[in-house]
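*Asks:* Predicted model follows, preceded by the sequence.
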Number of protein chains: 2
Amino acid sequence: MRSPQRLIVQADQIRDRCVTLTAEQRHYLYHVLRLKAGDELWILDGRGRRWLGEIQENTVKLLRADCPETELSTEIILCLALLKAASFEQVLQQATELGVKRIIPIHTARSLLQPSPHKYRRWQRILQEATEQSERLYVPTLGDPLSVADMVKLTPKGYIASLQASRLLWDCLPQMDLSRPIYLAIGPEGGWTESELAQVLAAGWQAFSLGRRTLRAVTAAIASLTLVSHYSERHCPTAQQH
Amino acid sequence: MRSPQRLIVQADQIRDRCVTLTAEQRHYLYHVLRLKAGDELWILDGRGRRWLGEIQENTVKLLRADCPETELSTEIILCLALLKAASFEQVLQQATELGVKRIIPIHTARSLLQPSPHKYRRWQRILQEATEQSERLYVPTLGDPLSVADMVKLTPKGYIASLQASRLLWDCLPQMDLSRPIYLAIGPEGGWTESELAQVLAAGWQAFSLGRRTLRAVTAAIASLTLVSHYSERHCPTAQQH
């Protein structure tokens, strides 16, 4: 039997075990998914909680809570250079599947795009859809874009991908403290400038390599997240409660 | 200084340290890359050899051989279900960056596409372009499509991704014999059917999991290749001669 469909709602739509649907959500349930009153579906708050619900006209009655553990116990934060649109969106989707907790767009010398509010809403929709598709309960958050200078000022020390680095990310894994958020920085297609890299390394970040082939930025981001998330999945398997 | 441009040629175009260019290659060099006689470029045979060459009208004179080691020492063969076109092509590109040696398209119950000869030529071009971009010297080969039955009959036992598996691919790595080709099978978006999976497991393949989140087939392929290629890069760093 097919698993019920999934709908992510805002926490403030839920009161007394009942979800008040927006017009857009009603349209989605009745006309896109072709559900009807009496049908069951999963309701998610995007912050780690899930319930089985039953549709009742303009509301969904919550029948029971059911929260499978699909979150990594380690919080992985991806500091991602503003790549060209299609590449950036591909990373948003795949990073969500791989369990990323937060994505912070980074302005770099070689990425000039300044995202519009429209673009920002589109990115949030991609994160939400990828969350539903990968059956996660938590929608990754999207930070405001930071400059490289602000990234090293406002975030803890992390790990930065660099073609010049000789140390494999694989060899950085055993030293990572998985009980704290792990920050990974991925540069633009043209790479970090020397001064950007120097600035980040001077702040105590560690440079890592992804091997002897030249990866595009998208692939570098996905490969880095794969290694850290699977290392966490293996060595720290029990997810925290959210 | 920018590294010279790269051109992959057929081995039989090279004679007496001189490459005879095709009309298409001349167009590419003179009109797309805007090079001219006297300019230098890298000539690759796509099978592991590279030379620095100098353009001389309709030929390129080979000045010296120069073969950086960018190949994995382990041969990774990806048995990839025929996904929908855009997804299949995305995997071709990213798998090349990650060092895959050969890709074999697999017909499955849930992937109906029968690739046309035109599609096949397009895929080979994608592999070649991704090879140039990732600065590999070896263009991954593309096998003829196999049924699941033929896959288990014609290839050595490998590892198959399955949502039902409990054993992480991470935990399969230490038992892999990196001196022999590693076969990885990735199913279609809808997953393997029960009978397909049973057939492959009965032939001695091992099922693996990629963690608690549901990955799309594209992400599953890239994550699997990342783990095996980086494990190989770490534990078996010296590439063999090709």
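*Replies:* Structure's in. What do you need?

*Asks:* How about the lengthiest helix in chain A and chain B, any contact?
*Replies:* In chain A, ranked by residue count with DSSP state H as the criterion, the top helix is helix A:217-235. Yes. Contact between helix A:217-235 and chain B, assessed by CB under 8 Å from any CB of the partner chain, occurs at A:218-219, A:222-223, A:226-227, A:229-231, A:233-234. In short, each C-beta sits where N, CA and C put it, glycine included.

*Asks:* pLDDT on that helix, on average?
*Replies:* When pLDDT is averaged over helix A:217-235, the result is 95.

*Asks:* Now do that helix against helix B:217-235, angle only.
*Replies:* With axes from the mean of the first three to the mean of the last three CA atoms, to 10 degrees defining the directions, helix A:217-235 sits at 80 degrees from helix B:217-235.

*Asks:* in helix A:217-235, what counts as buried?
*Replies:* A:217-233 (16 or more other CB atoms under 10 Å in any protein chain shown).

*Asks:* other SSEs contacting it?
*Replies:* The elements that helix A:217-235 packs onto, with contact taken as 3 or more CB pairs under 8 Å, 6 or more residues apart in numbering or on different chains; DSSP states H and E, are strand A:76-81, helix A:85-97, strand A:159-161, helix A:169-172, strand A:182-186, helix B:85-97, helix B:169-172, helix B:217-235.

*Asks:* Looking at these, which is nearest to residue B:23?
*Replies:* Ranking the helices and strands packed on helix A:217-235 by proximity to residue B:23 (CB to CB) places helix B:85-97 first, at 26.5 Å.

*Asks:* so that closest one versus strand B:76-81, what angle?
*Replies:* Angle between the axes of helix B:85-97 and strand B:76-81 is 170 degrees (criterion: the same axes, to 10 degrees).

*Asks:* who's in contact with the helix or strand just after helix B:85-97?
*Replies:* On the C-terminal side of helix B:85-97, the nearest following helix or strand under DSSP states H and E is strand B:102-107. Contacts to strand B:102-107, defined as CB atoms under 8 Å, 6 or more residues apart in numbering or on different chains, come from residues B:75, B:77-82, B:88, B:91-92, B:95, B:114-115, B:127, B:140-148, B:151, B:155, B:185.

*Asks:* who in chain A is up against chain B?
*Replies:* Contacts of chain A with chain B, taken as CB under 8 Å from any CB, map to A:68-70, A:90, A:94, A:97-99, A:133-136, A:168-171, A:210-216, A:218-219, A:222-223, A:226-227, A:229-231, A:233-234.

*Asks:* With distance to residue B:13 added, can I get the helices and strands packed on helix A:217-235 in JSON lines?
*Replies:* JSON lines is the format used below for the helices and strands packed on helix A:217-235 (distance: least, CB to CB, whole Å):
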{"stretch": "strand A:76-81", "distance to residue B:13": "39"}
{"stretch": "helix A:85-97", "distance to residue B:13": "34"}
{"stretch": "strand A:159-161", "distance to residue B:13": "37"}
{"stretch": "helix A:169-172", "distance to residue B:13": "39"}
{"stretch": "strand A:182-186", "distance to residue B:13": "38"}
{"stretch": "helix B:85-97", "distance to residue B:13": "22"}
{"stretch": "helix B:169-172", "distance to residue B:13": "41"}
{"stretch": "helix B:217-235", "distance to residue B:13": "30"}
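
*Asks:* So which of the ones you listed is nearest residue A:7?
*Replies:* In this view, the helices and strands packed on helix A:217-235 are compared for proximity to residue A:7 by CB to CB, and helix A:85-97 is the closest at 17.0 Å.

*Asks:* and which of the residues of helix A:217-235 next to chain B is nearest residue A:159?
*Replies:* For residue A:159, the nearest member of those is residue A:227. The distance, counting by CB to CB, is 10.4 Å.

*Asks:* Test my guess that that closest one contacts residue B:225.
*Replies:* No. Shown here, residue A:227 and residue B:225 do not form a contact pair, counting by CB atoms under 8 Å, at 11.8 Å.

*Asks:* Quick one: neighbours of residue A:104, just the number.
*Replies:* Residue A:104 sits with 20 neighbouring residues when counted by other CB atoms under 10 Å in any protein chain shown.

*Asks:* Please read the previous query as pertaining to residue A:115.
*Replies:* 17.

*Asks:* Please give me every residue in contact with it.
*Replies:* Contacts for residue A:115 were tallied using CB under 8 Å, 6+ apart; they are A:82, A:105, A:123, A:145.

*Asks:* can you check residue A:67 too?
*Replies:* So, once contact is read as CB under 8 Å, 6+ apart, residue A:67 ends up touching A:48-50, A:137.

*Asks:* Greatest separation within the residues you listed: which pair is it?
*Replies:* A:48 and A:50 (8.2 Å).

*Asks:* Could you tell me which residues touch both of the two?
*Replies:* Taking CB under 8 Å, 6+ apart as the contact rule, residue A:48 and residue A:50 both touch A:67, A:137.
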